[in-house]
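**Student:** Dropping the sequence and predicted coords here.
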Amino acid sequence: MDSDLIVQILFAAVKTGTPLLFIALGEVICEKSGVLNLGQEGMMLMGAVVGFLAAYGTGSAGLGVLAAMIMGCVMSLIFAVLVLHLGANQVATGLALTIFGTGLSAFIGSGVVGQTIQGFQPIAIPLLSDIPFIGKILFSHDILVYSSFAMTFALMFVVNKTRIGLTLKAVGENPHAANAIGIKVLRVRYLAVMFGGVMAGISGAYMSLVYTPMWVENMTAGRGWIALALVVFASWRVGRIMLGAYLFGLASIMHLVLQGLGWSISPNLLAMLPYVATVVVMVIISADKFKEKLLAPRALGKPFDPRQMA
């Protein structure tokens, strides 16, 4: 392969990995607070359809992203009320939210299936985009890709260097101890879940406003599940999620690349690899001994009742 082809492949990997990066950043914050939200796929789909409808109706992609963020937040609040206040099982509720979001998004978007809009356009950053090799790969994208860069580094700082990050870790590791020293555990978890919903909404908006840009039923194609696996692969470390997202993005397009190069391997076999990896990770995370090795929050998936002692 020549250098131009490599640049094009890596450029596509960044673009394909961006929705995974957004939703995985939201999920890692959610999980660091001790809440496992398996409803990411449903929230992402609702963000995609609402964002598309808003942009389609107003002609503004920016309003579309805002609408998607609000929709993602609303969906996350439904989840948060059920699991944090009503004590519903986190796994079952997350699965129900995904099923609900998948069906509702198909119903809401039935009238605009296949319609296209003018989404966000690439913006080449002066000077930086002219840097050989990496200029095209990193600095010739749209505003949402640049926002994902900024969000990643901002979260790295917040999680690792601020009081907010310490509070989040305390709640995720031992909520009863955190509650004993005056931390409002449920408030922290509510905010973390809502942040995850907002990021899922942005991720969905990216799919329908940039990556396509159009609305098609189930257009996320399991990316919400892949994001869950990505968080585990990154060992719940924000800094590793960006690299993991782009690796998953590369894996998602490799069947097209290899097919174009004339490889005889079945493209269907290559296309399923990211999803096979997701299933394997979901199996691994179910074992407590692996959770400890992967630095999983100790209270992940466990309900918290402030009236009970640890």
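**Tutor:** Arrived safely.
**Student:** alpha carbons only for contacts and neighbour counts from here, please
**Tutor:** Fine.
**Student:** Now do the helices in the stretch 101-250 of the chain.
**Tutor:** 134-138, 143-161, 163-173, 175-180, 185-206, 223-233, 238-260 (DSSP state H, counting those that start in this stretch).
**Student:** Need the ones you listed in TSV (columns: mean pLDDT).
**Tutor:** Below are the helices of the stretch 101-250 of the chain laid out as TSV (pLDDT from 0 to 100):
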stretch	mean pLDDT
helix 134-138	90
helix 143-161	95
helix 163-173	94
helix 175-180	92
helix 185-206	96
helix 223-233	88
helix 238-260	82
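**Student:** Point out the most buried one among these.
**Tutor:** Scoring the helices of the stretch 101-250 of the chain by mean neighbour count under mean count of other CA atoms under 10 Å gives helix 185-206 as the most buried, with a mean of 27.
**Student:** so what's Gly204 closest to, chain neighbours aside?
**Tutor:** Excluding the flanking residues, the one nearest Gly204 by CA to CA, 6 or more residues apart in numbering is Ala48, at 4.0 Å.
**Student:** how many other residues sit next to the one you found?
**Tutor:** A total of 37 residues lie near Ala48 under the criterion other CA atoms under 10 Å.
**Student:** what sits against it?
**Tutor:** Ala48 makes contacts with 68, 201, 203-209, 215, as judged by CA atoms under 8 Å, 6 or more residues apart in numbering.
**Student:** now do Thr220
**Tutor:** By CA under 8 Å, 6+ apart, Thr220 lies in contact with 41, 44-45, 204, 207.
**Student:** Could you report the pLDDT at it?
**Tutor:** In this model, Thr220 is scored at 91, pLDDT.
**Student:** Just want to check the distance between it and Phe157.
**Tutor:** Separation of Thr220 from Phe157 (CA to CA, to the nearest Å) stands at 29 Å.
**Student:** quick one on the thing from earlier: closest to Leu84 out of the contacts of Ala48?
**Tutor:** Nearest to Leu84 out of these is Gly201 (CA to CA; 21.0 Å).
**Student:** Surely that closest one touches Met44?
**Tutor:** Yes: judged on CA atoms under 8 Å, Gly201 makes contact with Met44 at a distance of 5.4 Å.
**Student:** Now list whatever residues contact both of these two.
**Tutor:** Gly72.
**Student:** Now the element after the helix or strand harbouring the residue nearest to Gly204, going C-ward?
**Tutor:** Per DSSP states H and E, Ala48 falls inside helix 40-58. Moving toward the C-terminus from helix 40-58, the next helix or strand (DSSP H and E) is helix 61-80.
**Student:** just how off-centre is that following helix within its chain?
**Tutor:** Averaging C-alpha positions (CA atoms, centre = their mean, to the nearest Å) puts helix 61-80 13 Å from its chain's average.
**Student:** tally of neighbours for Leu209?
**Tutor:** When neighbours are counted by other CA under 10 Å, Leu209 registers 29.
**Student:** Does it touch Ile117 like I think?
**Tutor:** Yes: if you go by CA under 8 Å, Leu209 and Ile117 touch, sitting 7.5 Å apart.
**Student:** so how far is Gln90 from Trp18?
**Tutor:** I think there's a mix-up here, since residue 18 is Thr and not Trp. From Thr18 across to Gln90, the span is 26 Å (CA to CA).
**Student:** Ala221 and Ser208: what is the separation?
**Tutor:** Per CA to CA, Ala221 is found 12 Å from Ser208.
**Student:** Give me the more crowded residue out of these two.
**Tutor:** More neighbours surround Ser208 than the other of Ala221 and Ser208, with 30 against 12 (other CA under 10 Å).
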